[in-house]
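In: coords please:
(2 chains)
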Amino acid sequence: MVNDRNRDIGEYIEAEDDDMIICRCEEVTKGEIRRAVHAGMYTLTDIRRFLRTGMGLCQGQTCAKLVKGIVARELGVSPSELEPATARAPMRPIEMKVMADDLGEVE
Amino acid sequence: MFPEKEITVKIHDKVYHYKGDSIIIATGASENMVTFKGWTLPGVIGAGAAQTMMNLHGVMPGKKVLMLGSGNVGLVVSYQLLQAGCEVVAIADAAPRIGGYGVHASKVARCGVPFYMSHTIVEAEGEDHVTGVTIGEVGPDWKVVPGTEKHFDVDTICLAVGLSPMSQLANMAGCEMEDNPKKAGFVPVVDEYGETSVPGIFAAGDVSGIEEASSAMIEGRIAGVAAAYRLGFMDKEELETKTEELEKALSGLRQGMFAPENRGKKIETTEEGCKISETLLKKGFVAEEEMERFPGVTRAKGIHPVMECTQNIPCNPCQDACPKKCIKIGEKITSLPAVDESAECIGCGLCVAACSGQAIFLVNDDYEEGYATVTIPYEFLPLPAKGDKGSAYNRAGEKVCEAEVIEVRTSPAFDKTNLLTMKVPADMSMKARFYKAEV
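Out: Numbering: from 1, shown residues only, chains lettered A, B, ... in the order given. Sure, this is the predicted structure:
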């Protein structure tokens, strides 16, 4: 199991590019993501809840694949083995006042 | 998208709820990004963003651009950047061979854009916006080999490094999903009609696997027909006749060297047994000595088409464009075009304009003593005029000789492509392939 937290993934070793921004909307760096994995966040949903990656304006359109790659590498698995983070409405950023104007009727 | 096929849609400032008996998801794909030092600087943009800026908003993305990625998106957007008046300083790609169609690569190569294969971006330079870029050659471990770095002054870096299906809606709707590298990502599992595991929900186009635009359009039609059948608007027989035709067209598009099953494979020869041009895969143009091995390239008396089409791609408008039936491709859409020597070319130029790969030229070696003419597709502004004197460039984008414009033809039948005929010295007829106004 990819997210078996008893699995030993080795020590977190600092890398030269750890300060590189990966999620630009929420300003999350590569190092923060790597450290989160070593702190036990083995799924993309965990990472997202913990760091807010992919929860900004672009809704992960830019960084989802990058974050997936970093987490997979840290876990020593292929990116395709990782379950993508949950997809949920709204699909695109939407203003709260529009949300509140939900007509509620089904056509 | 919610259970029971309920969707909420934002229209202007209100949220509306709909329930569909059939829903077709056609959300397409989003651009992939790559990270390097400085990748978040203003000036680093997706190729799709550059295209939207130019084609939709009429804004130049920058003055000097480096393109990362040599797939069809990278090649076509580079060409459009040139048309918009930008300078494309180079196209770099970490892969050893150009990923897109050779004809698209040749369009930019003859404009003088150099290709750097097995190269990637080391760093985007600049304080608060891009002012330069350093690329370097990648070794077998995909790391940059020290000492191979090259610098370019640019204000824009375009990334064309692939697309990922935007399949979140299908995922949300509870469709069975798979992570399939052949489809370039996380996609809903669909049947031959594009129907997902949730009856009545269809997926068509890039959302169910990255392909070319023409395949996406056919997939959309198939899903549309199947949805109409499901809703009782047509009977089974009509469904089958309609989809059979579309499936046939779709499978035609999925053949040839760039077929999904050939992704990543190195193909050495064409279906006709011609050796693929190595120069084309590395530098973006077919070298002169490699050119005559292809069936479209023949010499003849008087005006005749020269079709520099050297890869098996699903494309055949040239065959139908010729009113004299000079060009034969045959039943198989991926076959290379050949000249039918029994038919006579009248120099109408319809084939030149019809070739979206801009690979067809009209050559007349018998124009006048010591001179030949070459007719090229020309899609740049300002449009040269008859009598203009400039220079002819070869396939590599090098200036080879002086050239005089003897005719510029524009016609609704040419669909916005202009045909420029230039007079060049006789020995240049198989070299001159582009015209620039500067002498």
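
In: Now for B:Val286: which residues touch it?
Out: Each residue near B:Val286 by C-beta atoms under 8 Å, 6 or more residues apart in numbering or on different chains is listed here: B:102, B:106, B:277, B:279-280, B:294, B:308, B:310, B:395. Quick note: C-beta positions are derived from backbone N, CA and C, even for glycine.

In: And what about it, helix, strand or coil?
Out: Recorded secondary structure, B:Val286: coil (DSSP: H, G, I helix; E, B strand; the rest coil).

In: What ranges does the chain have for its helices?
Out: All of this is about chain A. A:30-38, A:44-51, A:64-75, A:96-100 (DSSP state H).

In: nope, chain B
Out: Secondary structure of chain B (DSSP H): helices at B:47-51, B:72-84, B:102-109, B:168-172, B:213-230, B:236-253, B:278-283, B:288-291, B:317-321, B:350-354.

In: For B:Phe434, which of those is the nearest?
Out: Of all the helices of chain B, it is helix B:102-109 that lies closest to B:Phe434, at 9.2 Å by C-beta to C-beta.

In: Give the residue spans of chain A that score low on pLDDT.
Out: A:1, A:103-107 (pLDDT under 70).

In: Give me every residue in it that's in contact range of chain B.
Out: A:17, A:20-22, A:24, A:30, A:61-66, A:79-81, A:84, A:87-92, A:94, A:97-99, A:101-107 (C-beta under 8 Å from any C-beta of the partner chain).

In: which of the residues you listed are buried?
Out: Buried members of those, counted by 16 or more other C-beta atoms under 10 Å in any protein chain shown: A:20-22, A:30, A:61-66, A:79, A:84, A:87, A:91.

In: which parts of the stretch 101-250 of chain B sit against chain A?
Out: So the stretch 101-250 of chain B meets chain A at B:164, B:166, B:168-169, B:171-172, B:179, B:181, B:185-186 (C-beta under 8 Å from any C-beta).

In: Please tell me I have it right and A:Arg88 contacts B:Met172.
Out: Yes: using C-beta atoms under 8 Å, A:Arg88 is in contact with B:Met172, at 6.6 Å.

In: need the contact list for the residue nearest to B:Leu362 when sequence neighbours are not counted.
Out: Counting by C-beta to C-beta, 6 or more residues apart in numbering or on different chains, B:Thr375 is the residue found nearest to B:Leu362 once chain neighbours are left out, at 3.8 Å. When contacts are counted by C-beta under 8 Å, 6+ apart, B:Thr375 is found next to B:347, B:349, B:352, B:361-363, B:407, B:419-422.

In: quick one: which of those is nearest to chain A?
Out: Of all the contacts of B:Thr375, chain A sits closest to B:Val352, with 40.0 Å by C-beta to the nearest C-beta.

In: Who does the closest residue to the closest one other than its chain neighbours form a beta bridge with?
Out: For B:Val352, ignoring the flanking residues on the chain, the nearest one in space by C-beta to C-beta, 6+ apart is B:Ile360 at 4.9 Å. Beta-bridge partners of B:Ile360, counted by DSSP bridges, are B:Met307.

In: burial of B:Ile360, as a residue count?
Out: Residues contacting B:Ile360 under the criterion other C-beta atoms under 10 Å in any protein chain shown number 27.

In: Could you check how far it is from B:His304?
Out: 11 Å (C-beta to C-beta, to the nearest Å).

In: B:Gly200 now?
Out: Here B:Gly200 is placed at a distance of 55 Å from B:His304 (C-beta to C-beta).

In: Tell me which of those two has more neighbours.
Out: The residue with more neighbours, out of B:Gly200 and B:His304, is B:His304; 19 against 16, by other C-beta under 10 Å.

In: can you count the residues close to the nearest residue to B:Leu280 once chain neighbours are set aside?
Out: Excluding the flanking residues, the one nearest B:Leu280 by C-beta to C-beta, 6+ apart is B:Gly102, at 4.5 Å. Here the number of neighbours of B:Gly102 (other C-beta under 10 Å) works out to 27.

In: Is it correct that B:Gly102 is in contact with B:Gln311?
Out: Yes: with contact taken as C-beta under 8 Å, B:Gly102 and B:Gln311 are classed as touching, separated by 4.9 Å.

In: list residues touching both of these two?
Out: Common neighbours of B:Gly102 and B:Gln311, using C-beta under 8 Å, 6+ apart, are B:Leu280.

In: hang on, the earlier thing: per-residue confidence at the residue nearest to B:Val352?
Out: Looking at B:Ile360, its pLDDT is 97.

In: got a list of what it touches?
Out: B:296, B:305-309, B:318, B:351-352, B:354, B:377.

In: still on that earlier bit, quick check: the gap between the residue nearest to B:Leu280 and B:Gly162.
Out: Where B:Gly162 is concerned, B:Gly102 sits at a distance of 19 Å (C-beta to C-beta).

In: and chain B, what are its domains?
Out: B:6-28+B:164-253, B:33-161, B:295-436 (automatic domain parsing).

In: how many neighbours does residue 35 have?
Out: Just going to use chain A. 16.

In: oops, chain B please
Out: 17.

In: try A:Val37
Out: Around A:Val37 there are 20 residues (other C-beta under 10 Å).

In: pretty sure it is in contact with A:Arg73, am I right?
Out: No: if you go by C-beta under 8 Å, A:Val37 and A:Arg73 don't touch, sitting 9.1 Å apart.

In: near chain A at all, stretch B:12-31?
Out: Yes: Stretch B:12-31 lies within reach of chain A by C-beta under 8 Å from any C-beta, at B:13-19, B:30.

In: Contacts only, for B:Thr298.
Out: B:304, B:306, B:339, B:341.

In: Closest one of those residues to B:Val59?
Out: B:Val306 (37.2 Å).

In: what about that closest one, distance to chain A?
Out: B:Val306 sits at a distance of 43 Å from chain A (criterion: C-beta to the nearest C-beta, to the nearest Å).

In: how about that residue, what does it touch?
Out: B:296-298, B:360-363, B:430.

In: B:Arg299 versus that one, what's the distance?
Out: In terms of C-beta to C-beta, B:Val306 sits 9 Å off from B:Arg299.

In: same deal with B:Thr52?
Out: From B:Thr52 to B:Arg299 the distance is 44 Å (C-beta to C-beta).

In: who has more neighbours, these two?
Out: B:Thr52 (14 against 11).

In: quick one: pLDDT of the residue of the stretch 201-350 of chain B found nearest chain A?
Out: Residue nearest to chain A within the stretch 201-350 of chain B: B:Val207 (12.4 Å; C-beta to the nearest C-beta). Looking at B:Val207, its pLDDT reads 97.

In: what's the offset of the longest strand anywhere in chain B from the middle of its chain?
Out: In chain B, taking DSSP state E as the definition, the longest strand is strand B:399-409. Put simply, strand B:399-409 sits 26 Å off its chain's centre (C-alpha atoms, centre = their mean, to the nearest Å).

In: Average pLDDT for that strand, rounded please.
Out: 97.

In: One more: stretch B:289-296?
Out: 94.

In: Quick one: end-to-end distance for that stretch.
Out: 15 Å (C-alpha to C-alpha, to the nearest Å).

In: got the buried residues for that stretch?
Out: B:290-291, B:293-296.

In: Please compute how far that stretch lies from its chain's middle.
Out: 22 Å.

In: Next, count neighbours for B:Phe253.
Out: Wrong residue type there; residue B:253 is Leu, not Phe. 20.

In: what does B:Arg97 give?
Out: 15.

In: pLDDT value on it, please?
Out: 96.

In: Identify the residues contacting the nearest residue to it once chain neighbours are set aside.
Out: Nearest non-adjacent residue to B:Arg97, counting by C-beta to C-beta, 6+ apart: B:Leu281, 4.1 Å away. B:Leu281 makes contact with B:97-98, B:102, B:117 under the criterion C-beta under 8 Å, 6+ apart.
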